[in-house]
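Coordinates for the following, if possible.
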Amino acid sequence: MSTLRQNRKKVRHLQIKSRPKSLNTLRKRAKKAALLLQKEYGSPRHGNKKNPLDELIFIILSLMTTHHSFNRVYNRLKKRIGNWECLLATRLNSLRSIIKDGGLSDQKARNIMRIVKRLKQDFGKVTLAPIKRMSDFEAEAYLTSLPGVGVKTAKCILMYSLNRKVLPVDTHVWRVARRLELVNSNITYSFIHKELEKVVLPKDRYSFHVNALSHGRKVCIAIKPKCTTCCLRAFCPFSKRAK
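Here you go, the predicted model:
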C-alpha cells in the first residue's frame, strides 16, 4: 500500500509540474526577464536605423551573416549609392559586386532591386515614408508583400523606425523565449510572434527584443550556453535542468 501511495504522489507531482502556466504567470516571468536583461545590456540599438527604408535594406543585408560583416557592407553600399533612388539606375551586377562579401549577394541584390522598383511604382519615389500613416496591421501587410520581406523584418521596421510596440522574433529571441518557457518549446516559427506578443506586454517589447538579442549572442547561445553566468539563471527552467 505504501508503494501504491508513493506512486500516486509521484503521478500527482508530475501532473502539477507539467501543468501549463497561466498567462498571468508567464507575463510576470517575461516582465522579470525584461527588467534583468535591461539592467544587464541597457537596450542597445544594434545599429538599426530610424529611416524605415534604411532599416529594410540594412536587415536584408544582415541575412545569414555576422553583425560585423553586414554593418560594413551596409555602410559601403550607403556611401557608394547615396540616395536609394539611385539604385534604379544601378546595374544588378554592380550592386551584387558592392555587397558581395556579405554573402548571398545575388539573392540580396535581386530583392533590393525588386523592392526599389516596387516602391517607385507604389509611391512615385523610392521611399517607405507612407507606411508611417498606416496602422500596425496595414504596415506589416504592405511590408510583407515586398520581395523577400517576412514578418520578423516587417516588425523590426515597425519597432526600430516607427516606434511601434511590436515584438520581432529572430533566432536569438526565440531561443531565449523557449528556454524561459514563455512559449511552448514545440511552437513553430509561423506562430511565434503572435504567441510571444501575448506574453510580453507592449511597454516591454522593445527592451525585451534588443536585450534578448544581445543575451542570445553572448550568453544564451545555441550550443553550450553559459548558464552559470546568466542573469536569468535564478528562474530559468532551462538553466535549472542544465545543472
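
Show the subsequent helix or strand relative to the one helix or strand M113 maps to.
Secondary structure from DSSP states H and E places M113 in helix 105-123. Note on helix 105-123: by DSSP H and E, the next helix or strand toward the C-terminus is helix 136-143.

mind saving the C-alpha coords of that next one as PDB?
Extracted C-alpha coordinates of helix 136-143, given in PDB (Å, rounded to 0.1, in the frame of the first residue of the first chain):
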ATOM      1  CA  ASP A 136       0.500  48.300 -37.500                       C
ATOM      2  CA  PHE A 137      -1.600  45.700 -39.300                       C
ATOM      3  CA  GLU A 138      -1.600  47.700 -42.600                       C
ATOM      4  CA  ALA A 139       2.100  48.500 -42.500                       C
ATOM      5  CA  GLU A 140       3.000  44.900 -41.700                       C
ATOM      6  CA  ALA A 141       0.800  43.600 -44.500                       C
ATOM      7  CA  TYR A 142       2.400  46.100 -47.000                       C
ATOM      8  CA  LEU A 143       5.900  45.300 -45.900                       C
END
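
ok, and for it, which residues are buried?
By 16 or more other C-beta atoms under 10 Å, the buried positions in helix 136-143 come out as 139-140, 142-143. In short, each C-beta sits where N, CA and C put it, glycine included.

Could you dump the residues you listed into TSV and include distance to I59 and pLDDT?
Output for the buried residues of helix 136-143, formatted as TSV (distance: C-beta to C-beta, whole Å; pLDDT from 0 to 100):
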residue	distance to I59	pLDDT
A139	15	98
E140	14	98
Y142	16	98
L143	11	98
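
distance of the residue lying closest to D101 once chain neighbours are set aside from L158?
What sits nearest to D101 in space, not counting adjacent residues and going by C-beta to C-beta, 6 or more residues apart in numbering, is V73, at 6.6 Å. As judged by C-beta to C-beta, to the nearest Å, V73 and L158 stand 24 Å apart.

Identify the farthest-apart pair in the buried residues of helix 136-143.
Pairwise distances across those (C-beta to C-beta) peak at 7.4 Å, for the pair E140 and Y142.

quick one, helices of this structure?
Here the chain has its helices, by DSSP state H, at 2-18, 23-41, 52-62, 67-81, 92-98, 105-123, 136-143, 151-156, 162, 171-179, 189-199, 205-218, 237-242.

so which of those comes closest to K224?
With C-beta to C-beta, the closest approach to K224 among the helices of the chain belongs to helix 237-242: 9.9 Å.

got the contact list for that closest one?
When contacts are defined by C-beta atoms under 8 Å, 6 or more residues apart in numbering, helix 237-242 is touched by residues 178-181, 225, 227, 230, 232-233.

Would you mind listing where this structure has pLDDT under the threshold?
Applying pLDDT under 70 to the chain flags the ranges 1-20, 66-68, 243.

Adding distance to H215, write the buried residues of helix 136-143 out as a markdown table.
Compiled in a markdown table, the buried residues of helix 136-143 are given as follows (distance: C-beta to C-beta, whole Å):
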| residue | distance to H215 |
| --- | --- |
| A139 | 28 |
| E140 | 25 |
| Y142 | 31 |
| L143 | 26 |
